[in-house]
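In: The sequence isn't on hand, but the structure is:
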């Protein structure tokens, strides 16, 4: 069973790597260069899918946090932690690719536009989520504090999405794409989505294994403690 699972995991990551390789070839040989922005516009095909997956990772953290507050099951906390870690990684990619795109399109690496500002705030919020987890002692207490924070941090996600629609912003609200550009965007969305899901599942499985190991150790220590106490009492009387 373990060998079959290992083979499936390796096959999955090889598939993801293969799809990224195909997409790079597609970007080079098939996708046209946008007239206004030039070659730098091709960053968009990675930037947008990663941004969407960032929102999805934040949404999973939100749902898992609500699940923990509702049922107090540590499995929800393990999932929230896994998706939050991936959300930080994906948001970092969004910021870096956005800066590279902005340098080529607008001539500056950074500008405090609403979309960029809220995106940076989102990154910092989930970084704080990870820091907060490491600073709170006690598994149940840590899970409770993280769940409350995870619900609050998600409030920035709709602000990132709606910022260009509600406020004046240098960042475009939408981009018109030719049919070939749309196909390229779809092709890039598939491996980015698979990569994001794979990272969350991998991290979640590691969290579950660590939780089960901690629970087993705690259970064994509790079972061993009554044996130690009578022995200690006999020694004291002797």
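Out: Thanks, I have the structure now. Keep in mind it's a predicted model, so treat the numbers as computed, not measured.
In: And the average pLDDT for the lengthiest helix in the chain is what?
Out: Using DSSP state H to define each element, the chain has its longest helix at helix 179-237. Averaged over helix 179-237, pLDDT sits at 80.
In: any idea how far it is from the chain center?
Out: Offset of helix 179-237 from its chain centre (Cα atoms, centre = their mean, to the nearest Å): 16 Å.
In: on contacts alone, who are the packing partners of it?
Out: helix 2-29, helix 44-71, helix 74-105 (3 or more Cβ pairs under 8 Å, 6 or more residues apart in numbering; DSSP states H and E). Where C-beta positions appear, they are placed from N, C-alpha and C, glycine not excepted.
In: how big is the angle separating that helix from helix 44-71?
Out: For helix 179-237 against helix 44-71, the angle by axes from the mean of the first three to the mean of the last three Cα atoms, to 10 degrees is 40 degrees.
In: still on that earlier bit, can you redo the helices and strands packed on helix 179-237 as CSV with mean pLDDT, distance to residue 143 and mean neighbour count?
Out: Shown next, in CSV, are the helices and strands packed on helix 179-237 (pLDDT from 0 to 100; distance: least, Cβ to Cβ, whole Å; neighbours: other Cβ atoms under 10 Å):
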stretch, mean pLDDT, distance to residue 143, mean neighbour count
helix 2-29, 90, 27, 12
helix 44-71, 96, 6, 21
helix 74-105, 93, 4, 21
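In: Figure out the length between the terminal residues of stretch 147-160.
Out: Taking Cα to Cα, to the nearest Å, stretch 147-160 runs 21 Å from one end to the other.
In: Residues touching it, excluding its own?
Out: The set of residues external to stretch 147-160 that reach it, using Cβ atoms under 8 Å, 6 or more residues apart in numbering, is 55, 58-59, 61-62, 64-66, 68-69, 76-77, 80, 84, 115, 118-119, 121-122, 125-126, 128-129, 132.
In: That stretch: how far from the chain's middle?
Out: For stretch 147-160, the distance to the chain centre is 13 Å (Cα atoms, centre = their mean).
In: So which bits of it are buried?
Out: For stretch 147-160, burial by neighbour count (16 or more other Cβ atoms under 10 Å) applies to 147, 149, 150, 151, 153, 154, 156, 157, 159, 160.
In: average pLDDT across the host helix or strand of the first one?
Out: Going back to what we said before, that points to residue 147. Residue 147 is part of helix 139-153, with elements assigned from DSSP states H and E. Averaged across helix 139-153, pLDDT comes to 95.
In: Equivalent analysis for stretch 110-119, please.
Out: Here the average pLDDT along stretch 110-119 is 85.
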